[in-house]
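Colleague: Model the structure of this input:
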Amino acid sequence: MVPFLKNDVDMFTKLTEAEFNELKSVFFYQKYLKKEFIIKEDAAVRYIYFISSGLVKLSYFDNDANEFILSFAFENWWETDFSAFYHQTKATLRLQCLEDTAVYGLSFDDYFLILNKYRLSDYFLDKSIRGHIASQKRILSLLTLNPKQRYEQFLQVYPLLGQRVPKSILALYLGVSRETLSRLYKAKR
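Modeller: Predicted structure coming up:
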């Protein structure tokens, strides 16, 4: 497994080399191509994914085929349709690669196994809380900020991500038209 996952886990619990090697054995490694889906709606969600390399978007499509992007995840982030994973139900969200992406997958049963066996509850609790805080900030920005402020906030929080995400997808995420985003982009330069 990639060294930065070990470094990430080591901030919360010190695993011996043997424990970490044992921990690695419950993960599976998978590569996906740009535009490929890791999760599609109505499919069973059996895994949570650690993004080793690449970039993905988590989105929802309504009955009129309008897309709503909930989040982006890139290196060193965990992503899945968390509700479907936790409740072991079918996905309502899509997880799609915006770049060629490599992930380490962890099954539902193995997730709970490693929480207890390797004392990783604090690690996953921290990841969960950070994700929850980011979601709250995003919701507040959509409710209280104008398009220009949302764009500036996005660039401040994720300065390199603005260069990796196609402008049409970023516009969807920010809740603005592609034309508005183009104007904001030009004004920022």
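Colleague: the helices in the chain, which residues?
Modeller: Ranges of helices within the chain are 3-10, 17-24, 82-87, 108-117, 121-144, 147-157, 161-164, 167-174, 178-188, based on DSSP state H.
Colleague: Minimum distance to residue 94: which of the ones you listed has it?
Modeller: Smallest distance to residue 94 across the helices of the chain (C-beta to C-beta): 11.3 Å, for helix 82-87. Using the backbone N, CA and C atoms, a C-beta is placed for each residue, glycine as well.
Colleague: Pull the distance from the closest one to the chain's centre.
Modeller: A distance of 14 Å separates the centroid of the chain from that of helix 82-87, by C-alpha atoms, centre = their mean, to the nearest Å.
Colleague: since we're on the residue nearest to residue 39 when sequence neighbours are not counted, how many residues are nearby?
Modeller: Nearest non-adjacent residue to residue 39, counting by C-beta to C-beta, 6 or more residues apart in numbering: residue 95, 3.9 Å away. Residues near residue 95, counting by other C-beta atoms under 10 Å, number 26.
Colleague: need the contact list for residue 95.
Modeller: Residue 95 sits next to 37-39, 49, 56-58, 79-81 when contact means C-beta atoms under 8 Å, 6 or more residues apart in numbering.
Colleague: So what's the gap between stretch 130-145 and the chain middle?
Modeller: Distance of stretch 130-145 from its chain centroid, counting by C-alpha atoms, centre = their mean, is 15 Å.
Colleague: nope, stretch 9-26 is what I meant
Modeller: 22 Å.
Colleague: Quick one: end-to-end distance for it.
Modeller: End-to-end distance of stretch 9-26 (C-alpha to C-alpha, to the nearest Å): 15 Å.
Colleague: just stretch 13-27 next, same as before
Modeller: One end of stretch 13-27 to the other measures 18 Å (C-alpha to C-alpha).
Colleague: same check, this time on stretch 142-149
Modeller: End-to-end span of stretch 142-149 (C-alpha to C-alpha): 10 Å.
Colleague: How about residues contacting that stretch?
Modeller: With C-beta under 8 Å, 6+ apart, stretch 142-149 has contacts from 141, 150, 153, 174-176, 180-181, 184, 187.
Colleague: ditto for stretch 83-93
Modeller: Under C-beta under 8 Å, 6+ apart, the answer for stretch 83-93 is 39-48, 58-60, 70, 81, 108.
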